[in-house]
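Novice: Turn this into a model:
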Amino acid sequence: MENSKNENIFEWQGIKCGNFPEMLPTFYSSADKKITLRIATFNCLADCYARASNFPKVKKNFLIWRHRNNLLYKIVKALSQASVDVVCLQEIDVDLYEKLWEKWLATFQFKSVFVRKERGKKDGLLIAFDANKFRMTDSEQIHFDELAKHGGLSLLFDQANLGLVIALETVQKPISSFVISTGHLFWDPSRQDVKLLQALYLVQATGRFRSKVAERTKMEQRLVVCGDFNSLPKSLVYELLVKGEASANELPKLLETLNCSATEDDENWPRNLPFQIHRGDRVSTGLPLVSAFSSYPFENEIAADDGADLAEAEYTNATVQFTGTLDYIFHEDTAVTLAVSRIPSLKTLPKFKLPCEVW
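Specialist: I've put the predicted structure just below:
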């Protein structure tokens, strides 16, 4: 990612590292190539969820931790060898963070911040960064269950989903600053309304955090938002993130969940939410973002919506039961994506022998 725009053309040649996914070259307009950031995001499937009942068609050895941990360690090693600066990981077992994950990351000079889910959940998420290049100056947990504590919202929002945001500064001068936010949204595909407000909460909480850090440091804070959004490219969540607002295709269900009527004039409209819900037809973050993946022309593209020039990878999740794109990296339009990791075509994956070790 590059935080500059201009008419000079620079060709990024990508990253080559063993069996790690090839970084595809792309062209971008930039004169200043000094402020760059390499970032990766993964849902690691917490061991507490790796049950045969959840994955009935997956070979049992792939669900056993002593087999999976070797593969996950190789991913961390490959990320380090590829000079990735920041790694965001979801579904990290609480009892394995200090025992394994923190030590693995430290082996490759990564420092990390971990936050666990509430209500007795056994996993959480983390952000790790290259300690040789960056220092952390602030962090904040974002618990989406706060939504259920505000007037008008039902207990459907009490799902223990969460986010994490940190502020980083480069160790070497001139100092550059970044705000990195990651989240893991509700899984249920039928509840776009829940995920929509979680995404809204994540982005607006991240925006407030960035404003606080910018006020304290008097420095520009470059923004990246990434994670497992459990939402397809044609979803309301994706629309909200890339446009800064979402239309009310799910408004009846959303209003039913909110236990309120169709306009802000109604007495039951929730007044004390930690963000704004606009009159009857849309919600807004006030902060449109750019998907890093959508900036590169993959061979297998998925249109974000009809007529849009945005596209995403063919998938980020592939199982026999479901295959689709749920994970994203977003940045502001003042930044430019230099390269993205190649996602192997579904044609190259043994669809009925998943998971596989292609990469």
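
Novice: ok, the residue nearest to the spatial centre of the chain - contacts?
Specialist: Residue closest to the average C-alpha location in the chain (Cα atoms, centre = their mean): Gly227, at 1.7 Å. By Cβ atoms under 8 Å, 6 or more residues apart in numbering, the residues touching Gly227 are 41, 88, 90, 125, 163, 181-185, 327-328. (C-beta placed from N, C-alpha, C; glycine too.)

Novice: One more pass at 6 Å, please.
Specialist: Contact analysis of Gly227 by Cβ atoms under 6 Å, 6 or more residues apart in numbering lists 41, 182-184.

Novice: helix, strand or coil for it?
Specialist: strand (DSSP: H, G, I helix; E, B strand; the rest coil).

Novice: go on, Ile166?
Specialist: Per three-state DSSP, the local secondary structure of Ile166 is strand.

Novice: dump the residue contacts of it.
Specialist: Neighbours of Ile166 in contact, by Cβ under 6 Å, 6+ apart: 113, 127, 136, 139, 180.

Novice: quick one on the thing from earlier: just grab the bridge partners of the residue nearest to the centre of the chain for me.
Specialist: Assessed by DSSP bridges, Gly227 has beta-bridge partners Gly183, Tyr328.

Novice: Read off the pLDDT value for it.
Specialist: Here the pLDDT value assigned to Gly227 is 98.

Novice: before we move on, what about Gly14?
Specialist: 40.

Novice: and if you look at the one 10 residues further on?
Specialist: Looking at Leu24, its pLDDT stands at 47.

Novice: next one: the one 10 residues further on
Specialist: Lys34 carries a pLDDT value of 57.

Novice: Assign a three-state SS to Val320, would you?
Specialist: Val320 ends up coil, using three-state DSSP.

Novice: gap between the residue nearest to Lys57 when sequence neighbours are not counted and Phe55?
Specialist: The shortest distance from Lys57 to any non-neighbouring residue, by Cβ to Cβ, 6 or more residues apart in numbering, is to Val320 (4.6 Å). Going from Val320 to Phe55 by Cβ to Cβ, to the nearest Å gives 9 Å.

Novice: Compare the two and say which is more crowded by neighbours.
Specialist: Using other Cβ atoms under 10 Å as the criterion, Val320 and Phe55 rank with Phe55 on top: 19 against 13.

Novice: so which helix or strand takes in the more buried one?
Specialist: Following DSSP states H and E, one finds Phe55 outside all helices and strands.

Novice: Could you report the separation of the residue nearest to the centre of the chain from Arg191?
Specialist: For Gly227, the distance to Arg191 - Cβ to Cβ - is 18 Å.

Novice: next one: Arg210
Specialist: 28 Å.

Novice: Could you do Lys121 as well?
Specialist: Taking Cβ to Cβ, one finds Lys121 at 18 Å from Arg191.
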